[in-house]
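S.K.: return atomic coordinates for the entry below.
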Amino acid sequence: MKFTFILMLLLSFFQLGGTAHAYDAKWREGDAASWAAPGLDETGWKSFDSFAGAPQGVFWIRDRLETSPELLDGSNYILSCEGTGAFEIYFDGLLLGYSGRPAPLARNETPGGLRFSVSLPPALLSPGEHTIALRSSATKLTNPTEFRIECDVATQSQQNNNVSLSLLLLGFAGAASAILFLYFIHIAPTGRPRSSALAALSAALSTTVLAAVETGYQTGFTNYTQTGAINLIALVAALSLYAALPATILLRLNLAAKFWWLAGAGALLFLSLIPWPVGDFDHDTRAFLLLCAYGVVMCLSTQGATRAHARLFAGVLVVCTVGIIIDPDDLYVFLVMLTLFLSVSFIEYLRSQAIRAKQAEVTAARLEADLIRRNIQPHFLMNSLTVVSEWVETDTKSALKFIKGLADEFRLLASYSGKKLIPLDDEITLCRTHLALMGMRQRREFLLSVNGVSGTEQVPPGLFHTIVENAFSHNRFSDLVVTFSLSKSEADRGVTYLFKAPLGRQPGSSATSTGSGLRYVRSRLEESFPQKWELNSIQQGSDWVTIIRILS
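M.R.: All right, here's what the predicted structure looks like:
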């Protein structure tokens with residue numbers, strides 16, 4: 001935020017106004033050296049208001065320039081021009097320089113730069129009226145009506161500052177692209193936030209292209225015959241940025257209804273075609289003003305863990321929106337600042353993810369040990385061995401079946417302990433094995449009903465098994481047949497699992513508790529889906545429902 005403010009101050013310094021203005025432009029088709037003279041009789045010359053396009057061959061443009069006494073302060077001044085043609089530049093009849101070489105035939109013409117400047121000798125800058133004459137041609141212009149020329153007097157330092165600002169912005173945009181590219185390459189093997197990084201990289205690259213176009217324009221590197229290609233490149237880059245910026249916000253903040261948000265951004269692009277009754281905003285400025293404001297709305301609609309980050313995004317977008325309104329001519333300054341912020345934001349995100357990963361490594365071993373330890377607790381083993389010892393004497397067949405089931409459960413737990421995620425089918429098998437053991441111990445039938453599950457879904461090991469254990473720890477069941485249920489549903493924001501545990505005769509504070517069992521579940525979810533999960537437990541009628549959401 002502070003960095004953006006400093007650049008805004010620099011921008012205001014770079015754009016101090018000049019101390020001269022032009023008026024009363026006239027033009028005439030033909031070619032005569034005397035037409036450069038300051039006292040020329042302009043009978044037969046046409047007002048520039050009637051100019052309908054560049055004629056074939058050479059033509060002249062004359063304009064009068066009023067200079068103020070402030071120009072006599074000893075500064076070095078230049079005549080700065082923007083045009084689409086080839087020009088010889090005269091000031092009070094004196095040839096100052098060229099932009100290309102005008103000629104009556106296209107094959108002989110050398111195209112001039114889109115922006116050019118010539119030095120003004122201090123001796124010529126007396127206060128009062130001066131004559132600017134341009135010997136011109138635009139024989140290589142595809143559409144003659146696109147001819148334009150505009151000149152003004154500025155200090156050499158102003159010109160240098162404008163070029164320096166363009167190069168500075170290009171450097172910032174390029175740095176943002178490089179940072180995001182390195183970030184994208186870094187995360188490529190993990191596949192984690194690749195889509196959001198790719199969207200941000202697209203936004204930064206688009207801004208870099210726009211900054212490169214502006215730099216080429218400011219430095220005079222591009223000539224007027226390249227206008228069509230340059231405009232096409234700028235259009236593609238602007239459209240890419242218009243799509244990539246909202247996509248970055250959507251993916252980075254994990255907003256739902258992504259299609260509709262993107263469709264809304266597209267509708268704004270068409271809305272920007274309509275001129276506004278207030279403000280002197282061109283189409284590009286209207287389009288990106290609407291997009292920045294739309295981005296603020298997107299950020300404010302965020303909920304959950306990304307809300308704090310969304311507020312920072314919204315703050316930067318508000319700064320950009322206000323800055324564009326104050327100074328529409330410097331639209332791309334704020335777009336570059338926005339993409340630079342995106343790159344810094346991703347670096348910060350990468351740093352936090354690295355810290356999280358190290359913390360996950362520290363806790364992974366504890367979680368794996370906890371998965372097994374939860375099933376070899378003294379009271380569980382004691383109760384199980386007591387049952388086995390009784391059955392050995394009275395029901396050998398049941399004792400052997402129980403021992404086999406106990407061995408199966410421990411074998412499954414041991415095979416899962418080194419894994420971060422397992423197929424849901426394996427988790428269901430573990431849960432049903434435990435339910436069968438508890439059914440034998442309590443001489444009841446415990447069932448697990450599964451709905452809407454394919455079995456290939458990836459979940460942390462022991463996720464639902466822990467919830468089943470908690471249900472037995474905090475309930476006393478009296479029914480001969482007790483059914484647990486697991487169901488899955490999908491929505492825009494991700495996948496939701498509902499696990500229902502029946503309430504027994506003497507439930508505790510909840511059917512599944514909120515102690516070490518759910519702490520284990522939360523730890524496993526955070527390890528596998530950092531900041532992309534939700535866990536809630538509520539009572540619904542005769543069931544205690546545990547709701548787990550895995551956000552996309």
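S.K.: can I see the domain layout of the chain?
M.R.: Annotated domains of the chain cover 16-157, 159-356, 374-551 [automatic domain parsing].
S.K.: paired strands for the helix or strand in which H130 is found, with orientation please.
M.R.: Element membership of H130 [criterion: DSSP states H and E] is strand 128-137. Each strand paired with strand 128-137, and its direction, by DSSP bridges: strand 58-67 (antiparallel), strand 86-91 (antiparallel).
S.K.: any buried residues in it, and which?
M.R.: H130, T131, I132, A133, L134, R135, S136, S137 (16 or more other C-beta atoms under 10 Å). The way it works is simple: take the backbone N, C-alpha and C, and place the C-beta from them, glycine included.
S.K.: tell me, how many residues neighbour the closest residue to the fifth one other than its chain neighbours?
M.R.: It stands for L134. Spatial nearest neighbour of L134, excluding adjacent residues (C-beta to C-beta, 6 or more residues apart in numbering): I61 at 4.4 Å. Other residues lying near I61 total 23 when counted by other C-beta atoms under 10 Å.
S.K.: residue contacts, I61?
M.R.: By C-beta atoms under 8 Å, 6 or more residues apart in numbering, I61 lies in contact with A25, K26, W27, F48, A133, L134, S136, I149.
S.K.: do L447 as well
M.R.: So L447 contacts L435, V481, V482, T483, F484 (C-beta under 8 Å, 6+ apart).
S.K.: what does P38 give?
M.R.: With C-beta under 8 Å, 6+ apart, P38 has these contacts: D92, G93, H130, T131.
S.K.: for it, grab phi and psi.
M.R.: Dihedral pair for P38: phi -70, psi -30, per degrees, to the nearest 10.
S.K.: confidence score at it?
M.R.: Confidence at P38, expressed as pLDDT, is 89.
S.K.: now L463
M.R.: At L463, the model reports a pLDDT of 87.
S.K.: what about it, distance to R432?
M.R.: L463 sits 14 Å away from R432, going by C-beta to C-beta, to the nearest Å.
S.K.: who has more neighbours, the two?
M.R.: Just comparing L463 and R432: by other C-beta under 10 Å the higher neighbour count belongs to L463, 23 against 17.
S.K.: just checking, that one touches S523?
M.R.: No: contact criterion C-beta atoms under 8 Å: L463 and S523 do not qualify, at 10.8 Å.
S.K.: how many neighbours does the closest residue to E146 other than its chain neighbours have?
M.R.: Spatial nearest neighbour of E146, excluding adjacent residues (C-beta to C-beta, 6+ apart): T84 at 6.1 Å. Neighbour count of T84, defined by other C-beta under 10 Å: 22.
S.K.: what about R28, neighbour count?
M.R.: Counted with other C-beta under 10 Å, residues neighbouring R28 total 16.
S.K.: any idea of the pLDDT on it?
M.R.: For R28, the predicted pLDDT is 92.
S.K.: helix or strand right after the helix or strand harbouring it?
M.R.: For R28, the host element (DSSP H and E) is strand 20-29. Sequence order places strand 46-47 as the next helix or strand after strand 20-29, per DSSP H and E.
S.K.: next one: that next one to chain centre, how far?
M.R.: Centroid displacement of strand 46-47 relative to its chain, using C-alpha atoms, centre = their mean, to the nearest Å, is 50 Å.
S.K.: please enumerate the helices of the protein.
M.R.: Along the chain, the stretches classed as helices by DSSP state H are 2-14, 156-187, 194-219, 227-253, 258-271, 283-300, 307-326, 331-373, 378-394, 396-416, 424-442, 463-473, 516-528.
S.K.: make CSV out of the buried residues of strand 128-137 and add distance to Q159 and pLDDT.
M.R.: Shown next, in CSV, are these (distance: C-beta to C-beta, whole Å; pLDDT from 0 to 100):
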residue, distance to Q159, pLDDT
H130, 19, 87
T131, 22, 89
I132, 17, 89
A133, 21, 92
L134, 19, 93
R135, 23, 95
S136, 22, 94
S137, 25, 94
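S.K.: which two from these end up farthest apart in space?
M.R.: Farthest pair in those (C-beta to C-beta) is H130 and S137. Separation: 23.7 Å.
S.K.: what number of residues lie near the closest residue to L289 other than its chain neighbours?
M.R.: In this structure, L289 finds its nearest non-sequential neighbour in I324, 5.5 Å apart by C-beta to C-beta, 6+ apart. For I324, the neighbour count with other C-beta under 10 Å is 22.
S.K.: my guess is T496 contacts I548, does it?
M.R.: Yes: using C-beta under 8 Å, T496 is in contact with I548, at 7.2 Å.
S.K.: looking at the two, which is more packed in?
M.R.: Legend: neighbour count by other C-beta under 10 Å for T496 and I548, higher for I548 (22 against 17).
S.K.: next, count neighbours for the residue lying closest to the more buried one once chain neighbours are set aside.
M.R.: Spatial nearest neighbour of I548, chain neighbours left out: Y497 (4.5 Å); criterion: C-beta to C-beta, 6+ apart. When counting by other C-beta under 10 Å, one arrives at 20 neighbours for Y497.
S.K.: and if you look at L480?
M.R.: 10.
S.K.: against R443, how distant is it?
M.R.: Taken as C-beta to C-beta, the span from L480 to R443 is 9 Å.
S.K.: now for the two: what residues contact both?
M.R.: In contact with both L480 and R443: no residue, using C-beta under 8 Å, 6+ apart.
S.K.: thinking again about what came up before, any chance of the contacts of I61 in JSON lines, plus distance to N223?
M.R.: What follows is the contacts of I61, written out as JSON lines (distance: C-beta to C-beta, whole Å):
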{"residue": "A25", "distance to N223": "23"}
{"residue": "K26", "distance to N223": "26"}
{"residue": "W27", "distance to N223": "21"}
{"residue": "F48", "distance to N223": "23"}
{"residue": "A133", "distance to N223": "22"}
{"residue": "L134", "distance to N223": "16"}
{"residue": "S136", "distance to N223": "14"}
{"residue": "I149", "distance to N223": "14"}
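S.K.: ok, which stretches of the stretch 451-552 of the chain are strands?
M.R.: With DSSP state E, counting those that start in this stretch as the criterion, the stretch 451-552 of the chain has strands at 458-459, 481-491, 494-502, 533-540, 543-551.
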